[in-house]
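**Student:** Next come a sequence and a model predicted from it.
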Amino acid sequence: MSDPILQMRGVSKSFFGIKALRHVDLTVYPGEIHALMGENGAGKSTLMKILSGAYTPDPGGEIRIEGKPVHIHGPLGGRAAGISIIYQELSLAPNLTVAENIYLGREISRSGLLARDVMQAGVGPILERLGADFTPSSLVAHLSMGQRQLVEIARALHARSKILIMDEPTTALSPAESA
């Protein structure tokens, strides 16, 4: 068996003196899929937000990625650590194309202009792998909610994330899109 890609030990989080998480431990190995289940208010989203960098954990816990201790400072820190999170509330720019959304913040340019052809070619294989029924040049505003969810997944895959977190990803998907 390989070494864990993620270890969270004794992770806690308080909001104004109220404990949202108490000494949570989680170990994930490469290729594993985990489901966090529980009632509303159980701390599932809080744990995901700590891992992604949206929340800072209380002192005393430890997070390790590929065996190395990490301190994730903000969402960019989460991304730099190889973590992608897809929230229920999608974070796409509807006025941009699928490729532009996938490359957002990491655009490719030539002579100061966006290299749209290069970006579209770069995301084509990922969309094909996901079985997407739209193209890299499709405008996100014209996509269904399920298709937009696939764009979010494609963005995470394109970033070569080590850890992909999805917050109720099938909520907006049809049964065919879920499959």
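**Tutor:** Sure, I can see it. Residues are numbered from 1 along each chain as shown.

**Student:** Can you report how many residues neighbour residue 154?
**Tutor:** Residues lying near residue 154 (other CB atoms under 10 Å) number 21. Placement of C-beta: from N, CA and C, glycine included.

**Student:** Check the secondary structure at the residue nearest the centre of the chain for me.
**Tutor:** Central residue of the chain (CA atoms, centre = their mean): residue 85, 2.0 Å from the mean position. Following DSSP: H, G, I helix; E, B strand; the rest coil, residue 85 is assigned to strand.

**Student:** Residue 127 reaches residue 137, doesn't it?
**Tutor:** No - here residue 127 lies out of contact with residue 137, judged by CB atoms under 8 Å, at a distance of 10.7 Å.

**Student:** what about those two, which has more around it?
**Tutor:** Counting neighbours by other CB under 10 Å for residue 127 and for residue 137 shows that residue 127 has the greater number, 24 against 15.

**Student:** what kind of secondary structure is the more buried one in?
**Tutor:** Per three-state DSSP, residue 127 ends up helix.

**Student:** tell me the phi and psi of residue 90?
**Tutor:** The phi/psi pair for residue 90 (degrees, to the nearest 10) reads phi -70, psi 150.

**Student:** quick one on the thing from earlier: intersection of neighbour lists for residue 127 and residue 137?
**Tutor:** When contacts are counted by CB atoms under 8 Å, 6 or more residues apart in numbering, residue 127 and residue 137 are jointly contacted by residue 98.

**Student:** all strands of this protein, in order?
**Tutor:** Here the chain has its strands, by DSSP state E, at 6-15, 18-28, 62-65, 68-69, 83-86, 109-110, 113-114, 163-166.

**Student:** OK, contacts around the residue lying closest to residue 36 once chain neighbours are set aside?
**Tutor:** Spatial nearest neighbour of residue 36, excluding adjacent residues (CB to CB, 6 or more residues apart in numbering): residue 44 at 4.4 Å. Residue 44 makes contact with 36, 37, 38 under the criterion CB under 8 Å, 6+ apart.
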